[in-house]
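[1] What would the 3D arrangement of this be:
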Amino acid sequence: MILKNDLLLRAARGEKTERTPVWLMRQAGRVLPEYRAVREHLSGFKELVETPELAAEVSIQPVDILDVDAAIIFSDILVVPDAMGLPYELVEKVGPRFSKTIRSEEDLEGIKVADPDDISYVYEALKITKRALNGRVPLIGFSGAPWTLFSYMVEGGGSKTFSEPKRMLYQNPQLAHRLLDMITESTIAYLKRQVESGADLIQIFDSWAGILAPEYYREFSLKYIKRICSAIENVPITVFAKGAWFALEDMADLDCQTIGLDWNMDASIVKSILRAKTLQGNLDPCALYGSFDDIRKETKSMLDSFGDHPHIANLGHGVYPDTDPEKVKCFIESVKEFSS
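    Residues are numbered from 1 along each chain as shown. Next up, the predicted model:
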């Protein structure tokens with residue numbers, strides 16, 4: 001299918017575009033009243049993720065309402081651990097919770113490399129979304145990075161320190177590598193099926209990259225991301241590793257086209273390190289709490305910092321759920337105005 005708007009894909013490939021493409025992480029979610037209207041009739045978040053027609057509906061909402069340059073499939077990074085035999089629930093205002101965790105060799109015996117067929121609801125949502133978009137904009141698929149998924153599977157939920165997964169790296173690195181290998185194999189199969197189902201670009205989220213010391217990040221995260229990037233073919237790949245400013249030079253060697261930046265990374269510095277990569281980001285999500293004039297000013301400043309370097313405009317993390325949708329629209333409109 002020929003895309004009517006292929007700005008994102010051209011920018012990801014490093015091509016010069018007539019303006020900077022823009023989308024937002026977590027754009028399909030609670031920031032939109034239309035999303036909340038769909039969600040309120042369901043038992044919870046997982047029902048929405050696992051109902052392809054509804055997942056497709058909320059994936060398309062930001063394209064219709066916010067006029068972004070890409071849709072991202074509505075799903076969750078934890079569908080991979082779920083398919084591996086470690087089910088989770090999402091507790092409102094608390095976050096993900098696992099009833100079982102991986103702390104020992106015996107715990108590892110209860111899980112498996114995921115069969116991609118066990119996540120078929122995501123592929124069906126991708127297919128429905130792709131048909132409904134009808135070439136308007138590209139469709140982004142995604143997964144969590146192995147280290148981030150590992151962190152949840154060992155900790156059992158969210159954490160400020162993730163001391164349990166980090167403890168395993170120091171006390172039982174062999175077990176850690178076994179689990180990371182299983183997650184990586186599961187993720188590769190999952191992402192390949194996403195591409196077959198219509199994803200035009202893949203993003204890998206390493207949300208907890210910044211909690212590791214540099215040498216441990218290279219050993220227990222980056223090497224597995226590298227395997228995934230090398231295995232995925234035919235679509236551009238974006239790697240977003242929050243807090244991993246210390247690993248930017250290593251990321252230059254990844255077989256991916258785009259590196260996502262969080263709001264603490266200085267574009268003027270990163271451009272010199274990642275000359276051959278498209279950069280994505282990186283406005284502070286809290287900037288959208290400011291006035292409309294402030295948002296326009298901050299957006300222009302962000303665009304200026306990237307200059308002529310291939311760039312995809314985004315926030316430096318996901319949009320916060322209490323953000324005024326009109327402020328989100330202001331950001332998107334400002335990107336289009338100032339980069340044209």
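[2] Tell me where the chain has strands.
    71-72, 88-91, 95-98, 139-144, 201-206, 237-241, 258-260, 278-283, 311-315 (DSSP state E).
[3] So which of those is the most surrounded?
    A comparison of the strands of the chain by mean neighbour count, using mean count of other C-beta atoms under 10 Å, puts strand 311-315 on top with a mean of 28. For the C-beta atoms, the positions are set from N, CA and C on the backbone; glycine is no exception.
[4] tilt between it and strand 278-283?
    30 degrees (axes from the mean of the first three to the mean of the last three C-alpha atoms, to 10 degrees).
[5] Which strands or helices does strand 311-315 pack on?
    Using 3 or more C-beta pairs under 8 Å, 6 or more residues apart in numbering; DSSP states H and E, the elements in contact with strand 311-315 are helix 7-12, strand 278-283, helix 292-306, helix 325-339.
[6] In a markdown table, list the ones you listed along with mean pLDDT.
    What follows is the helices and strands packed on strand 311-315, written out as a markdown table (pLDDT from 0 to 100):
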| stretch | mean pLDDT |
| --- | --- |
| helix 7-12 | 98 |
| strand 278-283 | 98 |
| helix 292-306 | 98 |
| helix 325-339 | 98 |
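[7] so where is the stretch 51-200 of the chain shaky, pLDDT-wise?
    For the stretch 51-200 of the chain, no stretch is flagged by pLDDT under 70.
[8] Show me the one of the strands of the chain that comes nearest Arg227.
    Across those, Arg227 has its closest neighbour in strand 201-206 (11.1 Å, C-beta to C-beta).
[9] partners of that closest one, with directions?
    If you go by DSSP bridges, strand 201-206 pairs up with strand 139-144 (parallel), strand 237-241 (parallel).
[10] Rebuild those as TSV, extending it with distance to Val154.
    Compiled in TSV, these are given as follows (distance: least, C-beta to C-beta, whole Å):
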stretch	distance to Val154
strand 139-144	14
strand 237-241	19
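[11] For Pro285, which of these is the nearest?
    Of all these, it is strand 237-241 that lies closest to Pro285, at 13.5 Å by C-beta to C-beta.
[12] How many residues are close by the closest residue to Phe338 other than its chain neighbours?
    For Phe338, ignoring the flanking residues on the chain, the nearest one in space by C-beta to C-beta, 6 or more residues apart in numbering is Lys300 at 4.8 Å. Burial measure for Lys300: 15 neighbouring residues, criterion other C-beta atoms under 10 Å.
[13] wouldn't Lys300 be in contact with Ser339 here?
    No. The pair Lys300 / Ser339 is not scored as a contact, 9.2 Å apart, by C-beta atoms under 8 Å.
[14] quick one, what contacts Ile65?
    Leu32, Glu34, Pro325 (C-beta atoms under 8 Å, 6 or more residues apart in numbering).
[15] Now do Leu261: how many residues are near it, please.
    When counting by other C-beta under 10 Å, one arrives at 25 neighbours for Leu261.
[16] Revised request: answer the last question for Thr51.
    Around Thr51 there are 16 residues (other C-beta under 10 Å).
[17] check contacts around it.
    Shown in contact with Thr51 (C-beta under 8 Å, 6+ apart): Leu42, Tyr121.
[18] Per-residue pLDDT of His41, please?
    We have a pLDDT of 88 for His41.
[19] give me phi/psi at it?
    Here is the backbone geometry of His41 (degrees, to the nearest 10): phi -90, psi 0.
[20] Measure how buried it is and give me the count.
    The number of residues near His41, taken as other C-beta under 10 Å, comes to 9.
[21] residue at max distance from the center of this protein?
    Centroid-distance maximum for the chain: Glu106 at 31.3 Å, with C-alpha atoms, centre = their mean.
[22] Tell me the spacing between it and Arg19.
    55 Å (C-beta to C-beta, to the nearest Å).
[23] just Thr187 next, same as before
    Counting by C-beta to C-beta, the gap from Thr187 to Arg19 is 33 Å.
[24] And the two? Which one has more around it.
    Using other C-beta under 10 Å, the more surrounded residue of Thr187 and Arg19 is Thr187, with 27 against 16.
[25] returning to that earlier point: and which of the contacts of Ile65 is nearest Phe240?
    Checking those against Phe240 with C-beta to C-beta, the nearest one is Leu32 at 21.5 Å.
[26] For that closest one, give me its contacts.
    Gln61, Pro62, Ile65, Leu66, Pro325.
[27] With Thr184 instead?
    Applying C-beta under 8 Å, 6+ apart, the residues near Thr184 are Pro146, Tyr224, Arg227, Ile228.
[28] Pull the number of nearby residues for the first one.
    When you say that, I think you mean Pro146. For Pro146, using other C-beta under 10 Å, the count is 28.
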